[in-house]
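Asks: with the sequence up front, the predicted model follows.
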Amino acid sequence: MLRDMRTRFFGHALGYLIAVAWPLSHILILVAIYSLRGLMVPYGDSLPLYFASGLVPVMAFAYTSRLVMYSVVQNRVLLGFPIVRLFDIMAARSFLEVCASTFMAVCLCVILSAVGIDVRPHDGLMAAKAFGSALLLGVGVGFLNGIIVMRFPFWATGYALVLIVIYITSGVMFVPGTLPQPVQDVIWWNPALHVVEWMRLAYYPSYPVDLLNRAYPISVGLIALLCALASLKLAPRLLLR
């Protein structure tokens, strides 16, 4: 973990703060753009709060899954040490990304509170569960993507395109329950949508969440993680070729 922190950003552990600042700035810029354009709030009475409640879990999932995917590629030299395993590299990166996403969410709450926006959820426990499910989904998908990229490097680019589709259909910019039924049937398969709906329900008790299935993103994350761990256990030499 210490090596990962030092080598990724400027050769110093303090550079790890960029792992927090990058998604945080991403969210703040998007919130500022939507606020300055004077768009109507899709739900509730605060545009920054509405978008932040959707962006935080989506960005936590997206950054975690993508950066865990790159962990083995970026730290492959460590496998020259017999004591270091593939699992160690991905587990270390997962821990760092979970910490970074959590710190990012805390910083965003502090910034929004400083400008007079009440960021307290109606149900704090529900918000924590939604955020935790986003992190679990990110770690599981990141592990599985890391296994795939080791055998098929082009998937790194392919997954970047998939993340764009996931972001667009996750419900960050709209209320999924107001869409036509055929569209709802398609976007339902996006696990990030359920995480966003879960988080929104924690902030808006009357939010329409007909599409919400709390077990779905958790199941996807766990299944992806188990598949990745099984591959690491059964075919480690094949993955390292």
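Replies: That came through, no problem. Numbers count the residues shown, from 1 in each chain.
Asks: from here on, contacts and neighbour counts on C-alpha atoms
Replies: Fine.
Asks: quick one, what contacts residue 169?
Replies: Applying Cα atoms under 8 Å, 6 or more residues apart in numbering, we find residue 169 in contact with 187, 190, 193.
Asks: list phi and psi for it.
Replies: When quoted as degrees, to the nearest 10, the phi and psi of residue 169 stand at phi -100, psi 10.
Asks: again, but for residue 211
Replies: Backbone geometry at residue 211, expressed as degrees, to the nearest 10, gives phi -90, psi -10.
Asks: wait, it touches residue 188, no?
Replies: Yes: counting by Cα atoms under 8 Å, residue 211 touches residue 188, with 6.5 Å between them.
Asks: how about the residue most central in space within the chain, secondary structure?
Replies: For the chain, residue 61 is the residue whose C-alpha lies nearest the centre (Cα atoms, centre = their mean; 1.1 Å). Recorded secondary structure, residue 61: helix (DSSP: H, G, I helix; E, B strand; the rest coil).
Asks: chain neighbours aside, what residue packs nearest to it?
Replies: residue 138 (4.3 Å; Cα to Cα, 6 or more residues apart in numbering).
Asks: for burial, what's the neighbour tally of that neighbour?
Replies: Neighbour count of residue 138, defined by other Cα atoms under 10 Å: 34.
Asks: is it true that it touches residue 65?
Replies: Yes: with contacts counted by Cα under 8 Å, residue 138 reaches residue 65, the gap being 4.3 Å.
Asks: ok so, going back, need the residues touching each of residue 211 and residue 188.
Replies: Common neighbours of residue 211 and residue 188 (criterion: Cα under 8 Å, 6+ apart): residue 194.
Asks: what ranges does the protein have for its helices?
Replies: Taking DSSP state H to define them, one finds helices in the chain at 2-8, 17-36, 47-74, 86-114, 124-151, 155-168, 181-187, 191-203, 215-234, 236-240.
Asks: pick the most buried one from those helices.
Replies: helix 191-203 (a mean of 27; mean count of other Cα atoms under 10 Å).
Asks: elements contacting that helix?
Replies: On a contact count with 3 or more Cα pairs under 8 Å, 6 or more residues apart in numbering; DSSP states H and E, helix 191-203 meets helix 47-74, helix 124-151, helix 215-234.
Asks: where's the nearest residue to residue 205 once chain neighbours are set aside relative to residue 54, distance?
Replies: The shortest distance from residue 205 to any non-neighbouring residue, by Cα to Cα, 6+ apart, is to residue 122 (7.1 Å). Distance, residue 122 to residue 54, by Cα to Cα, to the nearest Å: 15 Å.
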